[in-house]
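**Q** just to be clear, the model below is a prediction. Sequence and coordinates:
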Amino acid sequence: MDVFDAIKGRRSVRGYTSEAVSEKDIKKIIDAATWAPSAGNTQSWEFIIIRDVQIKRRLAAAALDQKFIMEAPVVIVVCANESRSSQRYGQRGRSLYCLQDSAAATQNILLAAHALELGSCWIGAFHEREVGKILKTPLGVRPIAIIPIGHSAETPRPPSRRPKGSLVHSESF
């Protein structure tokens, strides 16, 4: 799949079939995530793969009752390892770089899932502390994104885009 086709063709999918996602596909998706750029190559991300129905149910509740999380056969939670990033970059690593690194890994997950003809959705609306408790994340490891992944049961329409003229500036704002 051409990268531009993948970028423009990927959609936020909120409906999944019950068909399983293969371990081979999950490994490919995680491999793609680990190839994301990161500040100083610190790779300050962590990935938690969830298949357990009860954990998915608790995550859905912590994510403002986004129940479609429970439908997905697999959920990947991307976490930012503040500690790893701050070792090299101090406070800026802890407060910014690890978030940027994790966001880049999240985008790779979404694009890899799409390339494998799987649906996914980037969920950032959740109670971070509650998700951390559910997943038993250690101090310094923050949940950043919840990503349900599965075979799509829907075909979302392309979202509208702002006109580029209102977003692009030359030389200064």
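**A** Received it, and whenever you're ready, just let me know what you need.

**Q** show me what whichever helix or strand residue 149 is part of packs onto, helices and strands only.
**A** Taking DSSP states H and E as the criterion, residue 149 maps to strand 141-150. When contacts are defined as 3 or more CB pairs under 8 Å, 6 or more residues apart in numbering; DSSP states H and E, strand 141-150 packs onto helix 68-71, strand 74-81, helix 82-92, helix 98-115, strand 119-120, helix 128-135. C-beta here means a position set from N, CA and C on the backbone, and glycine is covered the same way.

**Q** looking at the ones you listed, which is buried most?
**A** Of the helices and strands packed on strand 141-150, the one with the most neighbours on average (mean count of other CB atoms under 10 Å) is strand 119-120, at a mean of 27.

**Q** hmm, who's touching that strand?
**A** Residues from elsewhere that reach strand 119-120 (CB atoms under 8 Å, 6 or more residues apart in numbering): 11-13, 15-16, 109-110, 113-114, 147-154.

**Q** nearest to residue 57, out of the helices and strands packed on strand 141-150?
**A** When the helices and strands packed on strand 141-150 are compared by CB to CB, helix 68-71 sits nearest residue 57, at 5.5 Å.

**Q** for that closest one, name the packing helices and strands.
**A** helix 53-62, strand 141-150.

**Q** spatially central residue for this structure, please.
**A** Nearest residue to the geometric centre of the chain (CA atoms, centre = their mean): residue 106, 3.6 Å.

**Q** show me the contacts for that one.
**A** By CB under 8 Å, 6+ apart, the neighbours of residue 106 are 33, 78, 122, 144-145, 147.

**Q** equivalent analysis for residue 109, please.
**A** Contacts of residue 109 (CB under 8 Å, 6+ apart): 29-30, 32-33, 76, 78, 120, 147, 149.

**Q** hmm, try it at 7 Å
**A** 29, 32-33, 76, 120, 147 (CB atoms under 7 Å, 6 or more residues apart in numbering).
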